[in-house]
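# Model the following, please.
(one chain, ligands or ions: 1)
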Amino acid sequence: MDHVEGARTFSVAGSAYDSFMGRYSVPLGELFADEAGVAAGATALDLGCGPGALTEVLASRLGPDAVYACDPSPPFRDACAARLPGVVVTLGRAEAIPFADDTVDHALAQLVLHFVSDPSRAATEMARVTRPGGTVAACVWDFADGMEMLRAFWDAALSVDPHAPDEARTLRFGRPGEIAELFASVALEDVAESTLSVASTYASFDELWNGFLAGIGPAGAYCVSLDDEDRERLRAALFQRCGSPDGPLRLGALARCAVARVPAEPSPLPDGPNAASR
Ligand SMILES: C[S@@+](CC[C@H](N)C(=O)[O-])C[C@H]1O[C@@H](n2cnc3c(N)ncnc32)[C@H](O)[C@@H]1O
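Down below sits the predicted model:
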């Protein structure tokens with residue numbers, strides 16, 4: 001999957017996204033905002049806001065007027081703007097964030113970095129729109145293990161198709177150290193890593209399966225690309241991996257997170273008798 005396709009698979013209704021991924025990203029947003037130190041009185045950007053899971057957390061902590069959001073998906077931009085009147089929500093990509101220098105105290109990207117075409121550019125842009133001394137933060141699912149919904153899906157897919165594009169193989173930033181290395185590489189300071197853990201309960205296996213049929217993200221796109229026979233084989237394999245549940249099931253989801261500080265501006269040289277000679 002290339003990055004353009006990665007972004008295109010988010011051109012869906014916000015409600016479909018919320019049933020599939022928003023059920024995790026809403027609780028994740030609270031933990032992520034805590035980790036980034038978002039507290040009353042500050043301003044914040046939600047980069048790649050989707051339908052507004054994290055935006056809502058930010059608006060409730062800071063007030064809508066203090067929150068900025070952008071996303072390249074028109075339906076997600078519209079859904080976020082409708083959900084959160086008062087928040088500035090625009091179309092925009094991480095590689096060229098549509099806000100001025102030093103706009104916010106915190107720039108956050110929740111479950112976004114792995115989809116951007118130029119992560120260094122994105123991190124530089126996040127730092128640019130954040131005031132000196134402010135924080136830049138990102139989190140991405142641990143695709144290899146801790147995000148159980150996607151792990152079960154890709155393990156099932158690999159069992160019927162060894163070439164299935166497992167996100168643990170195709171996407172970056174879900175492993176320890178990857179986001180921190182990116183932040184350090186663009187001269188952000190005081191980089192701190194953590195893990196964020198959430199969970200979601202499905203009423204039934206069908207509720208889980210129907211989420212993939214919406215075609216969202218790499219897993220959904222792969223699922224709907226299969227013919228009926230292969231998709232039924234995948235469904236059966238996933239059902240088995242989930243323990244063949246005949247009632248509710250609960251899946252955990254772990255994200256890798258890093259928070260860093262934008263370097264403070266150098267202190268101005270003191271005025272004094274020699275100032276004119278500088
Ligand atoms: C998994 S969703 C996360 C949405 C939201 N942050 C959340 O936590 O629910 C990934 C989001 O990244 C957006 N996206 C994809 N490519 C992007 C890019 N280059 N710059 C900014 N956002 C991008 C998608 O449109 C989508 O809304």
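# where do the helices sit along the stretch 101-250 of the chain?
Taking DSSP state H, counting those that start in this stretch as the test, the helices found in the stretch 101-250 of the chain are 119-129, 148-160, 167-170, 178-185, 205-212, 217-225, 228-241.
# between those helices, which one is nearest to Ala94?
Relative to Ala94, the nearest member of the helices of the stretch 101-250 of the chain by CB to CB is helix 119-129, separated by 3.7 Å. The C-beta positions use only the backbone N, C-alpha and C, and glycine is treated the same way.
# Identify the residue of this protein closest to the ligand, quick one.
Here the chain gets closest to the ligand at one residue, Gly50, 2.7 Å apart by CB to the nearest ligand atom.
# sec struct for that residue, please.
Recorded secondary structure, Gly50: coil (DSSP: H, G, I helix; E, B strand; the rest coil).
# since we're on the closest residue to it other than its chain neighbours, how many residues are nearby?
Of all residues not flanking Gly50 in the chain, Phe76 sits nearest, at 4.9 Å (CB to CB, 6 or more residues apart in numbering). When neighbours are defined as other CB atoms under 10 Å, Phe76 has 25 of them.
# Kindly report the same for Asp145.
Asp145 is flanked by 12 other residues according to other CB under 10 Å.
# try the one 3 residues further on
Burial of Glu148, expressed as a neighbour count using other CB under 10 Å, amounts to 19.
# correct me, but Phe173 touches Leu111?
No: Phe173 lies out of contact with Leu111 (CB atoms under 8 Å); the separation is 9.8 Å.
# between the two, which one's more packed in?
Using other CB under 10 Å as the criterion, Phe173 and Leu111 rank with Phe173 on top: 27 against 24.
# Would you mind listing what in this protein touches the ligand?
Counting by CB under 6 Å from any ligand atom, the residues of the chain close to the ligand are 7, 10, 21-22, 25, 47-50, 53-54, 71-73, 76, 93-95, 110-112, 115-116, 217.
# could you redo the last one with a cut-off of 5 Å?
Remark: the part of the chain in contact with the ligand comprises 7, 10, 25, 48, 50, 53, 71, 73, 76, 93-94, 110-112, 115-116, using CB under 5 Å from any ligand atom.
# Looking at these, which one is closest to Met126?
Sorting these by how near they are to Met126, with CB to CB, puts Ala94 at the top with 7.4 Å.
# my read: that closest one touches Gln110, true?
No: using CB under 8 Å as the test, Ala94 is too far from Gln110 to be in contact (12.0 Å).
# in the protein, which spans are strands?
Counting by DSSP state E, the chain forms strands over residues 44-47, 67-71, 88-91, 104-110, 130-141, 189-202, 249-261, given from the N-terminal end onward.
# Please name every helix or strand in contact with the first one.
With contacts defined as 3 or more CB pairs under 8 Å, 6 or more residues apart in numbering; DSSP states H and E, the secondary structure elements packing on strand 44-47 are helix 53-62, strand 67-71, strand 104-110, helix 119-129.
# Of all the strands of the chain, which one is nearest Ala156?
Smallest distance to Ala156 across those (CB to CB): 13.3 Å, for strand 249-261.
# so what's the residue nearest to the spatial centre of the chain up against?
To find the centre residue of the chain, average its C-alpha atoms and take the closest one (CA atoms, centre = their mean): that gives Leu111, at 1.5 Å. For Leu111, the residues meeting the contact criterion (CB atoms under 8 Å, 6 or more residues apart in numbering) are Met21, Ser25, Leu28, Gly48, Gly50, Cys139, Val140, Trp141, Ala255.
# Of those, which is the most crowded?
The most neighbours of any of the contacts of Leu111, using other CB under 10 Å, belong to Cys139, which has 30 neighbours.
# residue contacts, that one?
For Cys139, the contacting residues are Leu28, Phe32, Glu35, Ala109, Gln110, Leu111, Ile179, Leu196, Ala255, Arg256, Cys257, Ala258, taking CB under 8 Å, 6+ apart as the criterion.
# Only the buried residues of stretch 188-203, if you could.
Within stretch 188-203, the residues that count as buried by 16 or more other CB atoms under 10 Å are Leu188, Val191, Glu193, Leu196, Val198, Ser200, Tyr202.
# just stretch 117-134 next, same as before
In stretch 117-134, the ones that count as buried by 16+ other CB under 10 Å are 119, 121-131, 134.
# Over to stretch 56-71?
For stretch 56-71, the neighbour count (16+ other CB under 10 Å) marks Glu56, Val57, Leu58, Ala59, Arg61, Leu62, Ala66, Val67, Tyr68, Ala69, Cys70, Asp71 as buried.
# Brilliant, that's me finished.
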